[in-house]
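[1] give me the fold of what follows.
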Amino acid sequence: MISKPSTNKHSIAIVTASFGPDFERCRLLCETMDRHVTVFTSHYILVESADLPMFKALEGPRRHVIDEKDLLPSWLHPFPDPFYLGKRRIWLSLKTMPLRGWHAQQLRRMAVAKVLTEDAFFYVDSDVAFLRPFDCASLWHGDELRLFRRDDELLGTLPGDQQIWADNAAFLLGIKPDEMTKHGYVGTLIAWRRDVLLGMCERIEAVQGRNWVHAIGRSRRFSECTIYGHFAEDIMKLNGHFVDTRDFCEVFWFAPVPTEEEFKARVKDMSPEQVAIGVQSFMGADIGYVRRLVSEVKF
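    Now for the predicted structure:
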């Protein structure tokens, strides 16, 4: 198991799941983290075996790259996807649905609890850049860790698969639909407790009678943030957590790529607690363009 010393009562590591096409975005994240982020043990980057040599270039005294083969079951294997002429990957097994890269990244984020020993993990996507100082110790209030929550989000009109994610989480965790909270838990800068994450995986295995990766991977429509949030609140009754509804990261979620004026206007309107900005990688924004915009930010 990997363990790093900490001067804090409660240790916290930063975790990023990434892949080859996002390498330069991840490099920018690392640079802005090194400039702005403090009080954490290490930064762990989780990647597929094929991407390991590339990402090793980002390693340093407090930055380590972890091969997904050390996280996920040996029966789950990535292959070139013939439907995309091998330019994308697909994860196959006899126990799960065919899974895409974003599914594998979610599974890696959950699996780190079994190989890392920090008390908590702060998850940061590789298409994020920090713009302001951030102290990871602020994620702890005494013995309680921050749980990001979007209050009553499930009561409104939801985009995409969010309701399905919630229903899937309830099924996996054995929560009756009428006993579920109606909150959302999906965010870009979020923190999870290691002990609660381990308990979540054990709960899934007890309810489903199978390995937690097997159980989750039987569907392609799941959200790791949603599963953790409902376990922490509906099962654990927020034990070990305090709720925070402030979103630390401003994100451009959908195409088109923001213009320079739109980017600067969004940064100007960021609230004081927002310390980072994200430009979703699937939008196809040129990383050189994003790097320049980030470098020109002044507060």
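
[2] and the helices in this structure?
    Assigned by DSSP state H, the helices in the chain fall at 23-36, 52-55, 101-111, 162-173, 194-208, 212-216, 224-230, 260-268, 287-295.

[3] report the contact partners of the residue nearest the centre of the chain.
    With distances taken as CA atoms, centre = their mean, Tyr123 lies nearest the centre of the chain, 4.5 Å away. Counting by CB atoms under 8 Å, 6 or more residues apart in numbering, Tyr123 touches Ile14, Val15, Thr16, Ala17, Arg109, Leu189, Ile190, Ala191, Trp192. C-beta here means a position set from N, CA and C on the backbone, and glycine is covered the same way.

[4] one more time with 10 Å, if that's ok
    Tyr123 is in contact with 13-17, 109, 112, 187-192, 224-225, 228, counting by CB atoms under 10 Å, 6 or more residues apart in numbering.

[5] run a quick neighbour tally on the closest residue to Gly174 other than its chain neighbours.
    Distances taken as CB to CB, 6 or more residues apart in numbering put Val207 closest to Gly174, at 3.9 Å, once the chain neighbours are dropped. Neighbour count of Val207, defined by other CB atoms under 10 Å: 15.

[6] go on, the one 4 residues further on?
    For Asn211, the neighbour count with other CB under 10 Å is 15.

[7] Glu68 versus that one, what's the distance?
    As judged by CB to CB, to the nearest Å, Asn211 and Glu68 stand 16 Å apart.

[8] what does Glu261 give?
    In terms of CB to CB, Glu261 sits 40 Å off from Glu68.

[9] comparing these two, which residue is more hemmed in?
    Glu68 (23 against 8).

[10] so what's the more buried one up against?
    17, 19, 46-52, 76, 78, 91, 104-105, 107-108, 111 are the contacts of Glu68 under CB under 10 Å, 6+ apart.

[11] buried set for stretch 276-292?
    Neighbour-count burial for stretch 276-292 flags Ala276, Ile277, Gly278, Val279, Gln280, Ser281, Ala285, Ile287, Val290, Arg291 (criterion: 16 or more other CB atoms under 10 Å).

[12] what's the answer for stretch 178-188, then?
    For stretch 178-188, by 16+ other CB under 10 Å, it's Met180, Thr181, His183, Gly184, Tyr185, Gly187, Thr188.

[13] could you dump those residues to a markdown table with distance to Asn168 and pLDDT?
    Shown next, in a markdown table, are the buried residues of stretch 178-188 (distance: CB to CB, whole Å; pLDDT from 0 to 100):
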| residue | distance to Asn168 | pLDDT |
| --- | --- | --- |
| Met180 | 12 | 93 |
| Thr181 | 15 | 95 |
| His183 | 16 | 96 |
| Gly184 | 14 | 95 |
| Tyr185 | 13 | 97 |
| Gly187 | 18 | 92 |
| Thr188 | 21 | 91 |
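
[14] can you tell me how far the residue of the chain positioned farthest from its centre is from Cys201?
    Distance to the chain centre peaks in the chain at Glu261, reaching 28.6 Å (criterion: CA atoms, centre = their mean). Computed as CB to CB, the Glu261 to Cys201 distance reads 45 Å.

[15] dump the C-alpha coordinates for stretch 78-97 into PDB.
    Extracted in PDB, the C-alpha atoms of stretch 78-97 (Å, rounded to 0.1, in the frame of the first residue of the first chain):
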ATOM      1  CA  PRO A  78      -9.100  -2.600 -22.300                       C
ATOM      2  CA  PHE A  79      -9.000  -3.100 -26.100                       C
ATOM      3  CA  PRO A  80      -9.000  -0.900 -29.200                       C
ATOM      4  CA  ASP A  81     -12.600  -0.100 -30.100                       C
ATOM      5  CA  PRO A  82     -13.200  -1.300 -33.700                       C
ATOM      6  CA  PHE A  83     -16.100   1.100 -34.100                       C
ATOM      7  CA  TYR A  84     -13.700   4.000 -33.700                       C
ATOM      8  CA  LEU A  85     -10.900   2.400 -35.800                       C
ATOM      9  CA  GLY A  86      -8.900   1.800 -32.700                       C
ATOM     10  CA  LYS A  87      -8.700   5.500 -31.800                       C
ATOM     11  CA  ARG A  88     -10.800   4.900 -28.600                       C
ATOM     12  CA  ARG A  89     -10.700   2.100 -26.000                       C
ATOM     13  CA  ILE A  90     -13.300  -0.200 -24.700                       C
ATOM     14  CA  TRP A  91     -13.100  -2.300 -21.500                       C
ATOM     15  CA  LEU A  92     -14.500  -5.800 -21.900                       C
ATOM     16  CA  SER A  93     -15.200  -8.700 -19.600                       C
ATOM     17  CA  LEU A  94     -17.700 -11.600 -19.200                       C
ATOM     18  CA  LYS A  95     -19.000  -9.900 -16.000                       C
ATOM     19  CA  THR A  96     -19.800  -6.300 -17.200                       C
ATOM     20  CA  MET A  97     -21.300  -4.400 -20.000                       C
END
